[in-house]
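Chemist: Starting from these lines, generate the structure:
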Amino acid sequence: MAIRRKKNQEGFAPGSQNSGFEHHNRTVYTENRQNHDFPVVMEYRKLGKTGFMVSDISSGTPPSEAVLKALLESGVNFIDTGEAYENGNNERLIGRVIKDYDRKKIFINSKLYTEDHFLSKEDCIDRTRKALERLGTGYVDCMMIHSAENSRIIKDEHFHAAMEVMKQEGRVKHVGVSCHGNNWLINPEESLEKIMMTAVEDGRFDVVMLGYNFMNADIAEKILDACAEKGIGTSIIKSNPVKLYLILDERIKRQKEAGTEPSESTMGFWEKYKGMTEQARIIFEKYGVATDEELAEAATRFVLSNPKAHTICWGFANLDDIRGMLSLSGQKLNEKDVALLRNYHDIYGHLNCRIGCNACEAACPHHLPVGTIMRYRYYFEVKKRVQYAREQYASLKGPGPEVCTDCAGYCEQICPYGVSARALLASAHRQMASIVS
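Modeler: Modelled structure (predicted):
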């Protein structure tokens, strides 16, 4: 079945427009499709110089065998995982499933994590071999550095030397890196852009994984453009910032109903948010948006409209997620989406921390890892990886957002996007610290 070519809309749209992007025939997996009632992938894109045609929507770390099987049978063919997920058990889960499918038609992306540096070439080789054992496969399509937080890790020679050996043996086909931004406590100098541009210019990476959505487009699209010039494949995470605001809205209402006495700064945040919410609802009604889900769908179409964003790596929590998300495959922004997202961006920009920007961290007298905290908050609220977010938040060293109460708000003063950082940090602390303490 041929895919119809669709031109991107002009205006508030991602990246440079490329209506000539070549769409390919969809090749849906047919194994075990009895009673398969899910949408199927409608578009495949070339993952840079790997040459592999990946589904425009792909699988983040699959939560169960049933979800992964349904995704594969719907035509999803990029699976993300890593040794750090569930202590390797996520790789084992994938291994149990893929044995029943054509391995050559599946792109498996795994990752090796280090906080500071890899111990040795031999250690990286050993960890890669163990990952392959858990996956039950002779090779991995891409092995990434997991969540690189500085340029030094990008150039770690132990990792690269090990990957050369693995490539020669046919155990690793491609090398990549994922990045969420830096951690202030490790390296206060580097932003997401600097770290990722280091990877692009290094020349040894075939695939990168980064956050990209309509709220952080000015940061991420510079990286996507550079990747396109070098033929580097791109996998997109954090593609949908919308749900964050829906949850905030509900929480503030609950606090008000419970009669909780907020701080002065939180009260100011609440009043500002309340007014903007009313304004936003008027705009949503103007564009005929009946539900918040429709707004979230527009956010997804924003990313799908950029041909330089090769695949959205989505964390499917259950089978209902598959029905909702895969129904968007092959879709592009329409004029209504463009206008809606532009207005939403203008109204709610102060509630979205551009994860990876880190402009505020240098101004924080307490050296809070703001970007890292916001990332864990995103995991908690949007991705519903509640336990993982709690554990990661608990592992942070140094003071927490409680120090923001009496702070003059240097982070907010320097933020180029006007983000209400103190209120968001306080919210993150209430969510995660209260559960892990």
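Chemist: Low-confidence bits of this protein, can you list those?
Modeler: Scanning the chain for pLDDT under 70 picks out 1-36, 181-189, 242-256, 260-281, 283-284, 289-290, 348-356, 382-383, 405, 434-437.
Chemist: try it again with 50
Modeler: For the chain, the stretches flagged by pLDDT under 50 are 1-11, 13, 15-35, 183-187, 244-245, 263, 265-266, 435-437.
Chemist: got the residue ranges for the strands in it?
Modeler: Assigned by DSSP state E, the chain shows strands spanning 44-46, 53-55, 57-59, 78-80, 107-113, 140-146, 172-179, 207-211, 233-237, 311-314.
Chemist: okay, those in a markdown table with distance to Ala433 and mean neighbour count next?
Modeler: Glycine gets a C-beta too; all of them are placed from N, C-alpha and C. Shown next, in a markdown table, are the strands of the chain (distance: least, Cβ to Cβ, whole Å; neighbours: other Cβ atoms under 10 Å):
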| stretch | distance to Ala433 | mean neighbour count |
| --- | --- | --- |
| strand 44-46 | 41 | 21 |
| strand 53-55 | 38 | 25 |
| strand 57-59 | 31 | 27 |
| strand 78-80 | 29 | 27 |
| strand 107-113 | 24 | 24 |
| strand 140-146 | 25 | 25 |
| strand 172-179 | 26 | 24 |
| strand 207-211 | 24 | 26 |
| strand 233-237 | 25 | 25 |
| strand 311-314 | 28 | 25 |
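Chemist: Tabulate the ones you listed (a markdown table), appending distance to Asp292.
Modeler: Below are the strands of the chain laid out as a markdown table (distance: least, Cβ to Cβ, whole Å):
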| stretch | distance to Asp292 |
| --- | --- |
| strand 44-46 | 28 |
| strand 53-55 | 26 |
| strand 57-59 | 20 |
| strand 78-80 | 27 |
| strand 107-113 | 31 |
| strand 140-146 | 32 |
| strand 172-179 | 29 |
| strand 207-211 | 21 |
| strand 233-237 | 21 |
| strand 311-314 | 18 |
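Chemist: So for Arg430, which of those sits nearest?
Modeler: strand 207-211 (23.7 Å; Cβ to Cβ).
Chemist: about what we covered before: so which of the strands of the chain comes closest to Leu396?
Modeler: Closest to Leu396 of the strands of the chain is strand 107-113 (Cβ to Cβ; 16.1 Å).
Chemist: That closest one - contacts with which helices or strands?
Modeler: Helices and strands touching strand 107-113, by 3 or more Cβ pairs under 8 Å, 6 or more residues apart in numbering; DSSP states H and E, are strand 78-80, helix 89-98, helix 121-135, strand 140-146.
Chemist: contacts for that strand?
Modeler: 47, 50, 52, 54, 77-84, 91, 94, 98, 118, 124, 127-128, 131, 135, 137, 140-147, 159, 176, 178, 207, 209, 235 (Cβ atoms under 8 Å, 6 or more residues apart in numbering).
Chemist: What pairs with that strand, parallel or antiparallel?
Modeler: When pairs are called by DSSP bridges, strand 107-113 turns out to pair with strand 78-80 (parallel), strand 140-146 (parallel).
Chemist: As TSV, the ones you listed with distance to Gly398 would be great.
Modeler: As requested, the strands paired with strand 107-113 are exported to TSV (distance: least, Cβ to Cβ, whole Å):
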stretch	distance to Gly398
strand 78-80	30
strand 140-146	22
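Chemist: Tell me which of the ones you listed sits nearest to Asn306.
Modeler: Closest approach to Asn306 among the strands paired with strand 107-113 (Cβ to Cβ): strand 78-80, 16.7 Å.
Chemist: mind giving me the domain ranges of this protein?
Modeler: As given by automatic domain parsing, the domain ranges for the chain are 44-240+294-333, 242-292+336-436.
Chemist: which of those domains sits most buried?
Modeler: Counting by mean count of other Cβ atoms under 10 Å, domain 44-240+294-333 has the highest mean neighbour count of the domains of the chain, with a mean of 20.
Chemist: Next, the distance between the ends of that one.
Modeler: 17 Å (Cα to Cα, to the nearest Å).
Chemist: same thing with stretch 384-403?
Modeler: Using Cα to Cα, the end-to-end distance of stretch 384-403 comes to 27 Å.
Chemist: Identify all contacting residues around it.
Modeler: 185, 315, 317, 366-369, 372-373, 376-377, 379-380, 422, 425-426, 428-429, 432-433, 435-436.
Chemist: Leu132 reaches Arg171, doesn't it?
Modeler: Yes. Here Leu132 lies in contact with Arg171, judged by Cβ atoms under 8 Å, at a distance of 6.3 Å.
Chemist: Now for those two: what residues contact both?
Modeler: Gly138, Tyr139, Val140.
Chemist: Could you dump the residues you listed into CSV and include distance to Ile153?
Modeler: Formatted as CSV, the shared contacts of Leu132 and Arg171 follow (distance: Cβ to Cβ, whole Å):
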residue, distance to Ile153
Gly138, 28
Tyr139, 24
Val140, 19
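Chemist: which of those residues lies closest to Leu326?
Modeler: Distance to Leu326, by Cβ to Cβ, is smallest for Val140 among the shared contacts of Leu132 and Arg171, at 24.5 Å.
Chemist: Please name the bridge partners of that closest one.
Modeler: Counting by DSSP bridges, Val140 is bridged to Val172.
Chemist: rewinding a little: quick one: which of the contacts of stretch 384-403 sit in helices?
Modeler: Among the contacts of stretch 384-403, the ones falling in helices (DSSP state H) are 372-373, 376-377, 379-380, 422, 425-426, 428-429, 432-433, 435-436.
Chemist: Of the strands paired with strand 107-113, which is nearest Ala339?
Modeler: Relative to Ala339, the nearest member of the strands paired with strand 107-113 by Cβ to Cβ is strand 78-80, separated by 31.6 Å.
Chemist: Now do that closest one: distance to the chain's middle.
Modeler: 13 Å (Cα atoms, centre = their mean, to the nearest Å).
Chemist: Perfect, that will be all.
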